[in-house]
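> Got a predicted structure here, sequence first:
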Amino acid sequence: MFFIDKPYVSEFFKKSVRDHGIPVVATKIAKEIGLYDGTKMISEEQAIAMAREQDILPVYTTSENAIGWLAKHFPFSDLPEKIELFKDKGKFRKMTQSIFPGLYFREVAVEELRELQLEDIPLPFIIKPSVGFFSMGVYKVAGSAEWQKIVALIYQEIEEIRGLYPDEVLDTSSFIIEQCINGEEFAIDAYYDESGTPVILSIFRHTFASDSDVSDRVYTTSKKIVEENLAEFTEFVWKIGVLAEVKSFPIHIELRREADGTLLPIEVNPMRFGGWCTTADMTFSAYGLNPYLYYYTRQKPDWGELLQGKEGKLFSLIVLDNSTGIDGSVIKSFDYEKLLAGFEQVLELRKVDYTSYPVFGFLFVETREENFAELKNILDSDLKEFIKTG
């Protein structure tokens with residue numbers, strides 16, 4: 001069964017569940033979000049009964065907002081507990097200490113941040129909400145001199161994003177401090193099948209503008225990226241699954257490969273692929289692989305076939321986060337046409353209400369490898385060139 005919730009459900013997702021008869025739980029939001037006629041709907045009572053009757057049940061959520069529903073209505077299942085193992089970054093670090101023993105982390109209550117002493121904390125470090133989403137509240141601290149400034153920014157951001165997401169998705173009452181994990185970063189969509197075996201559905205390289213950048217601006221997949229990392233990443237996902245003992249479980253993983261080749265997890269997001277229907281939909285645009293369908297029907301990708309003819313091509317998801325420093329409420333317009341003119345082949349543009357969420361939209365593009373400059377341009381931009389405030 002699939003759950004849908006705010007903030008966003010793509011037309012591709014709606015078409016996928018309708019065309020393939022994937023049951024969607026008829027929550028209040030599901031009834032209001034504009035699913036296509038002919039979508040197979042099941043009542044909340046039916047969903048609960050199915051979960052009671054079946055030990056292993058494929059469950060997927062478009063949004064972590066639905067985690068609260070699962071925690072409330074599936075107390076008889078171990079699913080809420082498994083979700084929390086991944087969603088709570090402190091619990092995840094404790095669970096995986098045996099396979100990543102040298103990774104420093106520490107949990108701190110938000111009210112303790114101003115008085116925190118940095119003498120015993122390795123610098124630089126990353127601080128982020130223990131339960132977080134979408135790079136909100138995430139900062140890199142390079143030295144003690146900037147600490148109080150960053151604390152002030154954290155408190156300011158807490159006020160700005162208060163109420164945007166439920167506590168199960170974004171809870172700023174507790175923060176986790178982690179050693180800075182260096183190296184090339186990747187994002188993976190995958191699922192564990194009914195036996196706990198991992199199946200990789202996509203691999204994206206996350207490119208940053210600088211060493212201090214922690215934004216979610218550009219994610220790129222290609223034949224080379226998939227082929228070079230598939231075997232190693234599958235083994236990595238398997239190790240985490242053994243510890244968590246999960247089956248029939250979709251995940252979105254962010255990890256980094258350090259200079260010595262060591263793979264370390266940044267975070268593992270449970271019960272979904274990339275947020276806002278992004279990486280899964282981009283995977284279909286790039287390779288014709290529908291991750292929603294593959295998970296529901298337990299299909300495993302034939303990557304040799306899927307990657308044929310993809311030589312020299314980069315497929316990128318561009319997150320147009322509001323990096324202007326200007327509140328969306330005072331922005332009068334965003335020039336999407338000017339934005340699109342900077343790319344040689346636009347696959348899809350998804351506009352977002354930037355007055356309600358700190359993002360202007362999402363862009364799917366195809367780029368020739370030799371024209372990486374167009375991706376570098378948007379990566380370096382603070383997007384002020386596209387907005388009007390007067």
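Everything's here; your move. Source: prediction; values computed, not measured.
> Of all the residues in the helix or strand hosting Q148, which ones are buried?
Here Q148 sits within helix 147-161, counting by DSSP states H and E. The neighbour-count criterion (16 or more other C-beta atoms under 10 Å) identifies W147, V151, I154, E157, I158, I161 as the buried residues of helix 147-161. C-beta coordinates here come from the backbone N, C-alpha and C atoms, glycine included.
> Determine the set of other helices and strands touching the next helix or strand after that helix.
Following the chain from helix 147-161 toward its C-terminal end, the next helix or strand by DSSP H and E is strand 171-179. With contacts defined as 3 or more C-beta pairs under 8 Å, 6 or more residues apart in numbering; DSSP states H and E, strand 171-179 has these neighbours: helix 89-95, strand 105-109, strand 125-131, helix 147-161.
> residues near the nearest residue to N371 once chain neighbours are set aside, how many?
Spatial nearest neighbour of N371, excluding adjacent residues (C-beta to C-beta, 6 or more residues apart in numbering): E344 at 6.3 Å. By the measure other C-beta atoms under 10 Å, the count of residues near E344 is 10.
> so who does E344 touch?
Counting by C-beta atoms under 8 Å, 6 or more residues apart in numbering, E344 touches V365, E366, T367, R368, N371, E374.
> what does the domain assignment say about this structure?
Under the assignment named as automatic domain parsing, the residue ranges that make up the domains of the chain are 2-85, 104-179, 184-388.
> Quick one: those domains as a markdown table, columns for mean pLDDT too.
A markdown table is the format used below for the domains of the chain (pLDDT from 0 to 100):
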| stretch | mean pLDDT |
| --- | --- |
| domain 2-85 | 93 |
| domain 104-179 | 76 |
| domain 184-388 | 94 |
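> Reformat those as CSV; add distance to F92.
Converted to CSV, those look like this (distance: least, C-beta to C-beta, whole Å):
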stretch, distance to F92
domain 2-85, 6
domain 104-179, 9
domain 184-388, 6
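> Could you check the ones you listed and tell me which one is nearest S98?
Smallest distance to S98 across the domains of the chain (C-beta to C-beta): 7.2 Å, for domain 184-388.
> Show the end-to-end separation of the closest one, please.
Looking at domain 184-388, the gap from its leading to its trailing residue is 35 Å under the measure C-alpha to C-alpha, to the nearest Å.
> and if you look at stretch 3-20?
15 Å.
> what's the lengthiest helix in the chain in contact with?
The helix of greatest length in the chain, counted in residues with DSSP state H as the criterion, is given as helix 223-244. Outside of helix 223-244, the residues within contact range by C-beta under 8 Å, 6+ apart are 82, 85-86, 95-96, 98-99, 186, 188, 190, 192, 196-198, 200, 202-205, 249, 251, 253, 255, 263, 265, 268, 303, 307, 310-311, 313.
> at 6 Å instead, please
Contacts made with helix 223-244 from outside it, assessed by C-beta atoms under 6 Å, 6 or more residues apart in numbering, are listed as 85, 95, 99, 188, 190, 192, 196, 198, 200, 203, 205, 263, 307, 310-311.
> Identify the residues contacting the most centrally placed residue in the chain.
With distances taken as C-alpha atoms, centre = their mean, G274 lies nearest the centre of the chain, 4.0 Å away. In this structure, G274 makes contact with H252, judged by C-beta under 6 Å, 6+ apart.
> again, only this time at 8 Å
With contacts defined as C-beta under 8 Å, 6+ apart, G274 is in contact with A187, D189, Y219, H252, A280, M282, L317.
> So for N377, what's the nearest residue that isn't a sequence neighbour?
N377 sits nearest to G342 (C-beta to C-beta, 6+ apart), 6.2 Å away.
> my bad, should have said D216
Spatial nearest neighbour of D216, chain neighbours left out: V319 (4.6 Å); criterion: C-beta to C-beta, 6+ apart.
> Let's verify the one you found: helix, strand, or coil?
Here V319 takes the strand state, with states given by DSSP: H, G, I helix; E, B strand; the rest coil.
> Touching, it and F360? I think so.
No - with contact defined as C-beta atoms under 8 Å, V319 does not count as touching F360 (9.3 Å).
> what separates T324 from I331, distance-wise?
In this structure, T324 and I331 are separated by 7 Å, where distance is defined by C-beta to C-beta, to the nearest Å.
> Please enumerate the shared neighbours of these two.
Taking C-beta under 8 Å, 6+ apart as the contact criterion, the residues that touch both T324 and I331 are I387.
> Neighbour count for the two, which is higher?
Counted by other C-beta under 10 Å, T324 and I331 do not tie: T324 has more neighbours, with 20 against 17.
> that older thread, now render the helices and strands packed on strand 171-179 as CSV, adding distance to A286.
Written out in CSV, the entries for those read as follows (distance: least, C-beta to C-beta, whole Å):
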stretch, distance to A286
helix 89-95, 29
strand 105-109, 34
strand 125-131, 29
helix 147-161, 31
